[in-house]
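> here is the input, now give the coordinates:
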Amino acid sequence: QGGLAQPTIMCSATETASDCSLVTLIGFASASQILSKNLVVGATLDVSRLDGYQANPYRTAITDMGEANERHPTLRTREAAAVSVRYFIPQWQTTLIGAYRYYRDTWKVHAHTPEVRIVQQVGYAADASLRYRYHSQDGAFFYRDRYMTGEGVEGYVTDDVKLDSFTGHTFEAKLGILGETFGMKDRWSGARFEGILSYVLQHPRFGNAITAQLALTLPFEY
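The predicted structure is shown next:
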């Protein structure tokens, strides 16, 4: 906005200001149970409540009347529940992991995310793993690729591709090695070096992706 006027954003459908507030409350709970010396199951639940401005002030949505500033509902409650199973095969030094996560929120986004992982111990000081993750979700109730006159849902418009319906596949390989493999001594012998390579096959307009990560975990004494 040019001139001497103060730039403003839509804090809500009826309120305009130069800055807007957002209050987030989050609760998280988890539990695990050992069923045998080689089998563990677990469950998690997390809930969050976001109250306030949640749009992106730099993003605009496409309408048949031109571009419109993004407007999101100011209240969003999010819930996610997940279960997991981990089973260790001693004779192969292999761990099998399966997990499933269900997500929903008050913007009518529902998501299903199962994944499987295989972790293989390679000697004492190294391990390798393969992981596959599938994600499928519904779009938010007010998401449109292009908004036509009179189609804006309760005045809300968005160009956030993460609120669209889509599916995705993640393929991942990881290698972890302890520092003692490289002849390191003292605390560095217990340092863990990790390399992770992932390929993400997804269908929103972001397209596919290749990601690579390097990590170092260094133990310390209290």
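
> any idea how far residue 156 is from residue 17?
Distance from residue 17 to residue 156, counting by Cβ to Cβ, to the nearest Å: 18 Å. All C-beta spots, glycine's among them, are computed from the backbone N, C-alpha and C.

> who's more crowded, those two?
Between residue 17 and residue 156, residue 156 has the larger neighbour count (other Cβ atoms under 10 Å), namely 21 against 13.

> quick one, what contacts the more buried one?
Residue 156 sits next to 71, 72, 73, 142 when contact means Cβ atoms under 8 Å, 6 or more residues apart in numbering.

> what do you get for residue 27?
Contacts for residue 27 (Cβ under 8 Å, 6+ apart) come out as 46, 47, 48.

> what about the second one, which SS state?
So the one you mean is residue 47. Of the three states, residue 47 takes strand according to DSSP: H, G, I helix; E, B strand; the rest coil.

> that one: neighbouring residues, count only.
By the measure other Cβ under 10 Å, the count of residues near residue 47 is 14.

> isn't it up against residue 26?
Yes - here residue 47 lies in contact with residue 26, judged by Cβ atoms under 8 Å, at a distance of 7.4 Å.

> and for the two, which residues touch both?
Residues touching both residue 47 and residue 26 (Cβ under 8 Å, 6+ apart): none.

> now residue 25: which helix or strand?
If you go by DSSP states H and E, residue 25 is part of strand 22-36.

> just checking: what are the partner strands of that strand?
Strands that pair with strand 22-36, judged by DSSP bridges, come out as strand 39-52 (antiparallel).

> got the CA coordinates for the strand it pairs with in PDB?
This file holds the C-alpha atoms of strand 39-52, laid out as PDB (Å, rounded to 0.1, in the frame of the first residue of the first chain):
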ATOM      1  CA  LEU A  39       7.500 -56.500  20.800                       C
ATOM      2  CA  VAL A  40       6.400 -52.900  21.800                       C
ATOM      3  CA  VAL A  41       3.100 -51.100  20.900                       C
ATOM      4  CA  GLY A  42       2.400 -47.500  21.300                       C
ATOM      5  CA  ALA A  43      -0.300 -44.800  20.900                       C
ATOM      6  CA  THR A  44      -0.200 -41.000  20.700                       C
ATOM      7  CA  LEU A  45      -2.800 -38.300  20.800                       C
ATOM      8  CA  ASP A  46      -2.300 -34.600  20.200                       C
ATOM      9  CA  VAL A  47      -4.900 -31.800  20.100                       C
ATOM     10  CA  SER A  48      -4.400 -28.100  19.400                       C
ATOM     11  CA  ARG A  49      -6.600 -25.000  19.200                       C
ATOM     12  CA  LEU A  50      -5.600 -22.000  17.200                       C
ATOM     13  CA  ASP A  51      -7.500 -18.800  17.700                       C
ATOM     14  CA  GLY A  52      -6.600 -15.700  15.700                       C
END
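
> tell me the contacts of residue 198?
Residue 198 makes contact with 170, 171, 172, 173, 210, 211, 212, 213, according to Cβ under 8 Å, 6+ apart.

> output the residues you listed as a markdown table; include the columns secondary structure and neighbour count.
Shown next, in a markdown table, are these (DSSP: H, G, I helix; E, B strand; the rest coil; neighbours: other Cβ atoms under 10 Å):
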| residue | secondary structure | neighbour count |
| --- | --- | --- |
| 170 | strand | 18 |
| 171 | strand | 13 |
| 172 | strand | 18 |
| 173 | strand | 13 |
| 210 | strand | 8 |
| 211 | strand | 11 |
| 212 | strand | 8 |
| 213 | strand | 11 |
